[in-house]
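Q: Got a predicted structure here, sequence first:
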Amino acid sequence: MKQAIAEFIGTMTLVLFGCGAAVIAGGDIGLTGISFAFGLALIGMAYGIGSVSGCHINPAVTIGAVIAGRLDLSKASTYVFAQIAGAVVGAGLLFVIASGKGGGFDVATSGLGQNGWGPGYLHEYNMTSAFVFELVATFLFVVVILGSTGVGAPGAVAGIAIGLTLVVIHLVGINVTGVSVNPARSIGPALFVGGHAIGQLWLFILAPVLGAVAAGLLFKTGLLDAQ
């Protein structure tokens, strides 16, 4: 139960402050500021709940850990449920806060930090670009996570390495997909925005999962594991 609560709080925080930076402060802080908001939120949670649950706060990370043999499958299902619930609550809190803006807030027009691709979304990259970016970025992200938390790694700075990797991923990918690399982070905002956000949600579940599985297999087979 403690681990589920930790994953819930961590994912809620990531969505609230990461997506919140885009929705509430995006015009002031720009792409770089949004990128650091996601990364710093992750770093904070890594040190806040890492000792309780490992701070996955991402179903792709949890799946990668299962494939690598570092997490039991039965526990993983609890993690994923808590992560999705946390993301939905985080998006809900952001919706409530954003709705209090003077002059009104239209979620259909302004969005809620949802992921997407194609005509009308940011720089209008196509589906292939979106899929390839999400798959490769998640693969590299999970490699960093599994590597920096493995045997022999300097665990005290793992949270910083992981958070800064998320910053770099956002710096490159925000204009492509808004950056998911995390199915829960995509599910939360999409449920409130609806429409295309729901219709395109499959990519932000499938691509990150495939990337995470590939990373997990590298550690499971010993190709990257220091053990």
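A: Yep, it's here.
Q: Going by C-alpha atoms from here, please, whenever you check contacts or count neighbours.
A: Will do.
Q: so residue 207 is in which element?
A: In this assignment (DSSP states H and E), residue 207 forms part of helix 201-220.
Q: Show the secondary-structure elements that that helix is packed against.
A: Applying 3 or more C-alpha pairs under 8 Å, 6 or more residues apart in numbering; DSSP states H and E, we find helix 201-220 packed against helix 59-67, helix 127-148, helix 183-193.
Q: Show me which residues of it are buried.
A: 201, 203-220 (16 or more other C-alpha atoms under 10 Å).
Q: ditto for stretch 189-204
A: So stretch 189-204, judged by 16+ other C-alpha under 10 Å, has buried residues 189-194, 197-198, 200-201, 203-204.
Q: Ok, stretch 162-181 next?
A: For stretch 162-181, by 16+ other C-alpha under 10 Å, it's 162-167, 169-181.
Q: circling back: out of the buried residues of stretch 189-204, flag the one nearest to residue 24.
A: residue 189 (14.0 Å; C-alpha to C-alpha).
Q: and the gap between the closest one and residue 99?
A: 14 Å (C-alpha to C-alpha, to the nearest Å).
Q: Ok, residue 112 next?
A: In terms of C-alpha to C-alpha, residue 112 sits 11 Å off from residue 99.
Q: pLDDT score assigned to the residue lying closest to residue 171 once chain neighbours are set aside?
A: Once flanking residues are discounted, residue 171 sits nearest to residue 35: 5.8 Å by C-alpha to C-alpha, 6 or more residues apart in numbering. On pLDDT, residue 35 comes in at 98.
Q: and the helix or strand bottoming out on mean pLDDT in the chain, which residues are buried?
A: Ranking every helix and strand in the chain by mean pLDDT, DSSP states H and E puts helix 107-110 at the bottom, with a mean of 83. Across helix 107-110, burial judged by 16+ other C-alpha under 10 Å covers residue 107.
Q: Contacts made by it with the rest, please.
A: 23, 95, 192-193 (C-alpha atoms under 8 Å, 6 or more residues apart in numbering).
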